[in-house]
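In: Structure for this input, please:
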Amino acid sequence: MAATKKAAESTLYHVHPKGFWKKFRDALVINPEISSGIPLAGIYRWPQPGSRPEKYSAPATKASDPAQNPYWKRDVRRAYPQLSVVTQPDLSSLLIQHSEAQAIPAPSEAKEGEKSDVPTKTQGIMDLTGAIAAITSVHKVYDHSKLPPKVPTPFKKWRAELAPDAPHDPNAYFPMLLYK
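Out: Prediction:
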């Protein structure tokens, strides 16, 4: 026997038109040997994905379950910001505590087992406006010599400043002014 060249059958696993539509296709198509591209339902992906005999087994751990272990929880390269909340009562108590300098006594020559008492004054919870009024009534927070802080900006404020003139004929009318 002579060696024959074997090639894949392009139309073997695809649907073929029949009857009128076969004659219509043969009359209009350039290459009648080309397949339709529609796979046969009984051969393609056998057995079908929805008819698998195996039963689902639950993953052993939560980490091995892809549905409960998303990438953003495992991604350690990005430092995602954590939410921090400061309420108005917390802020007012911090303002009141740090508005006056508290003197801490020097460490005593007590034994190592004993603790020295640090003076702590606990005041009642005050709203934020009351805390600000209490601080500013004791001493003036800002005056002409001590101004409040400015918000830092990454750029300087632009102030118009005349730049040297562009080269031009000194006898010509040149109404342009350059600013930097």
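In: Could you list the residues in contact with the lowest-mean-pLDDT helix or strand in the chain?
Out: Least confident element among the helices and strands of the chain, by mean pLDDT, DSSP states H and E: helix 71-74 (a mean of 82). Residues from elsewhere that reach helix 71-74, judged by CB atoms under 8 Å, 6 or more residues apart in numbering: Tyr80. (Glycine included, C-beta is placed from N, CA and C.)
In: For Pro81, see how far away His14 is.
Out: Note on His14: its distance to Pro81, by CB to CB, to the nearest Å, is 55 Å.
In: Which one's more surrounded, the two?
Out: Comparing His14 with Pro81 by other CB atoms under 10 Å, the one with more neighbours is His14, at 16 against 5.
In: can I assume the more buried one is in contact with Ser36?
Out: Yes. Contact criterion CB atoms under 8 Å: His14 and Ser36 qualify, at 5.3 Å.
In: Can you tell me how far Asp26 is from Ser35?
Out: 14 Å.
In: In terms of neighbours, single out the busier of those two.
Out: When Asp26 and Ser35 are compared on other CB under 10 Å, the one with more neighbours turns out to be Ser35, at 14 against 10.
In: May I ask which helix or strand encompasses the more buried one?
Out: Counting by DSSP states H and E, no helix or strand carries Ser35.
In: Repeat that for Val85.
Out: Secondary structure (DSSP H and E) places Val85 outside all helices and strands.
In: Kindly provide the distance from it to Ile125.
Out: 17 Å.
In: swap in Pro164?
Out: 64 Å.
In: now do Ala60
Out: 50 Å.
In: Please say which of those two ends up with more neighbours.
Out: Using other CB under 10 Å, the more surrounded residue of Ala60 and Ile125 is Ile125, with 13 against 8.
In: now the least confident helix or strand of the chain, how far from the chain's geometric center?
Out: Here the centre of helix 71-74 is set off from its chain's centre by 12 Å, with CA atoms, centre = their mean, to the nearest Å.
In: List the buried residues in it.
Out: Buried residues in helix 71-74, counting neighbours by 16 or more other CB atoms under 10 Å, are absent.
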